[in-house]
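Novice: Generate coordinates for the sequence data below:
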Amino acid sequence: MQVFRAIFLTLVCWCVGASADQNDPRLENLFQQLHQAEDFEEGESITQQIWKLWYEIQDEEARDLFDRGVALMARADYRSALLALTRLTEMKPQFAEAWNRRATLLYLMGEYSLSMRDIRTTLALEPRHFGAISGMGQILMRQNRLREARKAFEQALEINPHLMGAQINIIQINKMLSANSV
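Specialist: Numbering: from 1, shown residues only. Have a look, this model is predicted:
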């Protein structure tokens, strides 16, 4: 009975680890598919699957904090959202999407240097996080660091060539740089 229980617990732990966040083994295949997608709709569908995996976390308390933080952000209750997401990053420091979500919140609050710090943490945990890289580009645009912003958006497109927002931002940056050089 003890052996069966040990095997069962090992399998449960492996399955839980295999189906959560940026460590999910399905991500590798999805990123490959993303580069092979032939049109925007297919690329967008794969992108949504990646986001879904990034959002997954098996811990119920952590899931509740994440959901609460996102809901509070949507209601523009930034102070309460910051408390929830900060608690989540303390509770689950290896959960990249917690850091990314807090980076987004800090951006909305105008706290660009703090947002960049959380983006760097997100990217340390998930270097392919095209959302975090795009967020970096947004901050750099706000700071009028246009060449660096363009480079960030280009990097995001290397990872996910179907990011319409990044493509539009690059066009806008190129226009701004051309206007400044005249």
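Novice: Please list the outside residues in contact with stretch 119-131.
Specialist: 22, 27, 31, 51, 54, 94-97, 99-100, 103, 132-133, 135-136, 139, 156, 159-160, 163, 166 (CB atoms under 8 Å, 6 or more residues apart in numbering). In short, each C-beta sits where N, CA and C put it, glycine included.
Novice: quick one, domains of this structure?
Specialist: 61-127, 132-182 (automatic domain parsing).
Novice: okay, those in a markdown table with mean neighbour count and mean pLDDT next?
Specialist: As requested, those are exported to a markdown table (neighbours: other CB atoms under 10 Å; pLDDT from 0 to 100):
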| stretch | mean neighbour count | mean pLDDT |
| --- | --- | --- |
| domain 61-127 | 18 | 97 |
| domain 132-182 | 17 | 95 |
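Novice: nearest to residue 40, of these?
Specialist: Among those, the nearest to residue 40 by CB to CB is domain 132-182 (5.8 Å).
Novice: Centre of the chain to the closest one, how far?
Specialist: Taking the mean of its C-alpha atoms, domain 132-182 sits 17 Å from the chain's own mean (CA atoms, centre = their mean, to the nearest Å).
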